[in-house]
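Chemist: Quick check, what structure comes out for this input:
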Amino acid sequence: MASKAVITQRHKEGKQKNVQAERRNRRVLGDIGNVVKAVDAGKPKNPIKTNRPMTRSLCAQLVAKGLPVVGGKDPKDIQLIDDGVMGRKDASVLEAAAVKKKDSDQKPTVTLSCEEEIKPKSSGRKSRPDYSEKTEKAFTSILSARSKAACGLINKPQNEIIANIDASDVDDELAAVEYVDDIYKYYKLTEGDGQVHDYMPSQTDINSKMRSILIDWLVEVHRKFELMPESLYLTINIVDRYLSMKIVPRRELQLVGVGSMLIACKYEEIWAPEVNDFIAISDNAYNREQVLLMEKSILAKLEWYLTVPTPYVFLVRYIKSSVPSDPEMENMTFFLAELGLTHYTTVVTYCPSVIAASAVYAARCTLKKSPFWTETLKHYTGYSEDQLRDCVKLLVSYHAALSESKLKAVYKKFARPEKGVVALVPPLKVI
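Modeler: Okay, here's the model as predicted:
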């Protein structure tokens, strides 16, 4: 009995070991891979896939069009062929074939595979247009064309098309092409701050002729010092603004010009002339202390407001708009502009942008540039010919009277070869 109990005990232990080993070899129930599908006895383990929806669809289309597919006249015998592999019958195909049985009997039998493409024969009717190849204009393009036609932008001559004058400066970071239009809009909004009105009635000891003599002398000083053009235009602006705010005696008028040019040079030049240079060029008429006191007085009256749009900033833009531009055209424009700034009437009557645009217009007329005023100039200046005509007549009259005038600084400056001797060009007679 004891031995039997021992054998039973060993048998149980062995059975438990076999169960544990089987548990270790058994895969986790959560593993999807341990689910084995049952295989039908009558089917192979790896059956050939016969589900060919594209083939059946093609066959159904052919049957519907009256073309039978392999297999004789009985629609029950119709089968689908795909790369030589026989598939199962499709009930929808059989039904469609039965409906079209009479038509299929009269047409030849055609064998098809999925690699063949049968195009339907063209009938007498036009086929449906392909929208991808549609050549008709879209509704938006038609409206845009009508809008341009209404604005008169389509049938304009080639020379009246607005040119993009900033196209060549796209890669130039200093040109600020993205902001240049906004910059000049701001200049036009603020140019009134730097413009002066008729101030001579308030001056008791000087007149407009003395002012013209001073400006003529400053043009000569500017040329001898070889300064930047911006310095001259800012100097004239400072002189006029100061004279419009303070009554100046005759003996200090030249001192106002010296102090104004000293300030303008410090603002515009890289290497500004020193105070002693201005004292020497004014023939020691004033000492150092007087020049520095005048500089302080001017800055105090103007409240250090020196960033103003002078005619020069507009001249640069408007000359560029005069397409095509050339050195002769540029020199003639600056010549007429400086002639205008020398005279008091021009400065107090017209704003800087009008003076600049009128100088360009007068230069084109003098040099026989046709047309005198283009759509490009009208676009970038914002002025029409009628708006500039009075100022242009004034500039042309200064040019015509230059031979009899005693103020020769501007004439000498632009009669030099480096300025293209534009001062020698005959003035315009009719405008």
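
Chemist: just the helices in the stretch 151-300 of the chain please.
Modeler: 180-194, 208-224, 229-243, 253-268, 275-281, 288-302 (DSSP state H, counting those that start in this stretch).

Chemist: mind giving me CSV with the ones you listed and columns for distance to V170?
Modeler: For glycine as for every other residue, the C-beta is placed from the backbone atoms N, C-alpha and C. Compiled in CSV, the helices of the stretch 151-300 of the chain are given as follows (distance: least, Cβ to Cβ, whole Å):
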stretch, distance to V170
helix 180-194, 11
helix 208-224, 34
helix 229-243, 25
helix 253-268, 27
helix 275-281, 41
helix 288-302, 37
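
Chemist: Of those, which is nearest T342?
Modeler: helix 208-224 (4.9 Å; Cβ to Cβ).

Chemist: which strands and helices sit next to that closest one?
Modeler: helix 229-243, helix 253-268, helix 327-342, helix 344-349, helix 409-414 (3 or more Cβ pairs under 8 Å, 6 or more residues apart in numbering; DSSP states H and E).

Chemist: now the ones you listed as CSV including mean neighbour count?
Modeler: Below are the helices and strands packed on helix 208-224 laid out as CSV (neighbours: other Cβ atoms under 10 Å):
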stretch, mean neighbour count
helix 229-243, 23
helix 253-268, 22
helix 327-342, 23
helix 344-349, 19
helix 409-414, 19
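
Chemist: Quick one: these as CSV, columns for mean pLDDT and distance to P201 too.
Modeler: Converted to CSV, those look like this (pLDDT from 0 to 100; distance: least, Cβ to Cβ, whole Å):
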stretch, mean pLDDT, distance to P201
helix 229-243, 95, 12
helix 253-268, 95, 17
helix 327-342, 94, 20
helix 344-349, 93, 11
helix 409-414, 93, 27
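
Chemist: can you tell which of the ones you listed is closest to H222?
Modeler: Nearest of the helices and strands packed on helix 208-224 to H222, taken as Cβ to Cβ: helix 229-243 at 4.6 Å.

Chemist: quick revisit: could you dump the helices and strands packed on helix 208-224 into a markdown table with distance to V219 added?
Modeler: Converted to a markdown table, the helices and strands packed on helix 208-224 look like this (distance: least, Cβ to Cβ, whole Å):
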| stretch | distance to V219 |
| --- | --- |
| helix 229-243 | 7 |
| helix 253-268 | 11 |
| helix 327-342 | 7 |
| helix 344-349 | 14 |
| helix 409-414 | 4 |
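
Chemist: And the helices of the stretch 151-300 of the chain: which comes nearest S405?
Modeler: helix 208-224 (9.2 Å).

Chemist: out of the helices and strands packed on helix 208-224, which comes closest to V308?
Modeler: For the helices and strands packed on helix 208-224, proximity to V308 was assessed by Cβ to Cβ; helix 229-243 is nearest, at 6.0 Å.

Chemist: So which elements touch the closest one?
Modeler: With contacts taken as 3+ Cβ pairs under 8 Å, 6+ apart, helix 229-243 sits against helix 208-224, helix 253-268, helix 288-302, helix 311-321, helix 327-342.

Chemist: buried stuff in the third one?
Modeler: Meaning helix 288-302. Under the neighbour-count criterion of 16 or more other Cβ atoms under 10 Å, helix 288-302 has 291, 294-295, 297-299, 301-302 buried.

Chemist: Just the angle for that helix relative to helix 253-268, thanks.
Modeler: Orientation note: helix 288-302 sits at an angle of 70 degrees relative to helix 253-268 (axes from the mean of the first three to the mean of the last three Cα atoms, to 10 degrees).

Chemist: Which among the helices and strands packed on helix 229-243 is found nearest to T349?
Modeler: Of all the helices and strands packed on helix 229-243, it is helix 327-342 that lies closest to T349, at 9.9 Å by Cβ to Cβ.

Chemist: packing partners for the closest one?
Modeler: If contacts are counted by 3+ Cβ pairs under 8 Å, 6+ apart, helix 327-342 sits against helix 208-224, helix 229-243, helix 311-321, helix 344-349, helix 352-366, helix 385-400, helix 409-414.

Chemist: which secondary structure elements does the last one contact?
Modeler: Under the contact criterion of 3+ Cβ pairs under 8 Å, 6+ apart, helix 409-414 touches helix 208-224, helix 327-342.

Chemist: Just put those in a markdown table and tack on distance to Q254.
Modeler: Converted to a markdown table, those look like this (distance: least, Cβ to Cβ, whole Å):
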| stretch | distance to Q254 |
| --- | --- |
| helix 208-224 | 7 |
| helix 327-342 | 16 |
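
Chemist: Please identify which of those is closest to Q195.
Modeler: Per Cβ to Cβ, nearest to Q195 of the helices and strands packed on helix 409-414: helix 327-342, 12.3 Å.

Chemist: by how many degrees do the closest one and helix 352-366 diverge?
Modeler: Per the same axes, to 10 degrees, the angle that helix 327-342 makes with helix 352-366 is 130 degrees.

Chemist: circling back: how about the helices of the stretch 151-300 of the chain, which one is nearest L341?
Modeler: Nearest to L341, of all the helices of the stretch 151-300 of the chain, is helix 229-243, at 5.3 Å by Cβ to Cβ.

Chemist: returning to what we had before: same list (the helices and strands packed on helix 229-243) but as a markdown table, adding distance to V421.
Modeler: A markdown table is the format used below for those (distance: least, Cβ to Cβ, whole Å):
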| stretch | distance to V421 |
| --- | --- |
| helix 208-224 | 15 |
| helix 253-268 | 26 |
| helix 288-302 | 36 |
| helix 311-321 | 18 |
| helix 327-342 | 9 |
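
Chemist: Nice, that's everything, thank you.
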